[in-house]
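**Student:** A structural model of the following input is requested.
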Amino acid sequence: MKRHLMSVTLAASFTMLSAAPAFARDTVENYPIEPALHSEPGKVSDDIALYFAGQRHPAVAKKIGEFATNKKTNAFGKSDTDACQHVFLSAVIELQDRARKEGGNAVINIKSNYKNEVRESATEFTCGAGAVIAGVALKGDVVTLRK
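**Tutor:** Coordinates of the predicted model:
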């Protein structure tokens with residue numbers, strides 16, 4: 001009887017633990033663009049111009065298309081700011097790579113698109129940071145600007 005009671009108690013404990021919500025963190029915050037762009041010198045190239053939503057830019061000679069990126073990075077042991085700046089750079093670099101591939105010379109109208117919630121800002125980007133992973137999603141228009 002004692003053995004049976006112990007088995008029932010263990011089973012109930014296991015069921016309660018497995019049904020408990022995971023204590024995962026997903027803190028969504030906005031961070032300034034300028035410090036992030038310069039947080040790792042030499043990573044972002046000058047050959048593809050970047051214009052965030054609302055920023056003025058030269059006239060568009062050719063619109064190539066809208067492209068999106070959704071990048072994740074290891075955030076373990078990093079501050080949210082450090083992880084978010086790093087993954088933001090990865091997203092920006094991917095947009096620049098896409099512009100090169102498509103024959104453009106700029107990405108304009110860049111917006112945050114974290115979890116499909118579009119946020120337009122010329123000064124901030126949105127990042128979701130957890131205990132293990134941080135993520136940034138951006139989208140922008142690849143274009144050829146008049147020189």
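**Student:** CA only for contacts and neighbour counts going forward, please
**Tutor:** Noted.
**Student:** which stretches of the chain form helices?
**Tutor:** Counting by DSSP state H, the chain has helices at residues 2-19, 33-37, 80-102.
**Student:** buried stuff in the second one?
**Tutor:** Okay, so that is helix 33-37. Buried residues in helix 33-37, defined by neighbour count with 16 or more other CA atoms under 10 Å: 33, 36-37.
**Student:** and what of the last one?
**Tutor:** Applying a neighbour-count criterion of 16+ other CA under 10 Å, one finds 80-81, 83-96, 98-99 buried in helix 80-102.
**Student:** hmm, residue 30 and residue 123 touching each other?
**Tutor:** No - assessed by CA atoms under 8 Å, residue 123 is found out of contact with residue 30, at 9.6 Å.
**Student:** what are the pairing partners of the lengthiest strand in the chain, and which direction each?
**Tutor:** The residue-count maximum for a strand in the chain (DSSP state E) belongs to strand 60-74. Sheet pairing of strand 60-74 (DSSP bridges) gives strand 133-145 (antiparallel).
**Student:** the inter-axis angle of the partner strand versus helix 80-102?
**Tutor:** Put simply, strand 133-145 runs at 40 degrees to helix 80-102, going by axes from the mean of the first three to the mean of the last three CA atoms, to 10 degrees.
**Student:** quick one: distance of strand 133-145 to the chain centre.
**Tutor:** Computed by CA atoms, centre = their mean, to the nearest Å, the chain-centroid distance of strand 133-145 equals 9 Å.
**Student:** ok, now stretch 113-128?
**Tutor:** Stretch 113-128 has its C-alpha centroid displaced from the chain centroid by 8 Å (CA atoms, centre = their mean).
**Student:** start and end of that stretch, how far apart?
**Tutor:** Taking CA to CA, to the nearest Å, stretch 113-128 runs 11 Å from one end to the other.
**Student:** what's it in contact with?
**Tutor:** Stretch 113-128 is touched from outside by 26-34, 51-55, 84, 88, 110-112, 134-139, with contacts defined as CA atoms under 8 Å, 6 or more residues apart in numbering.
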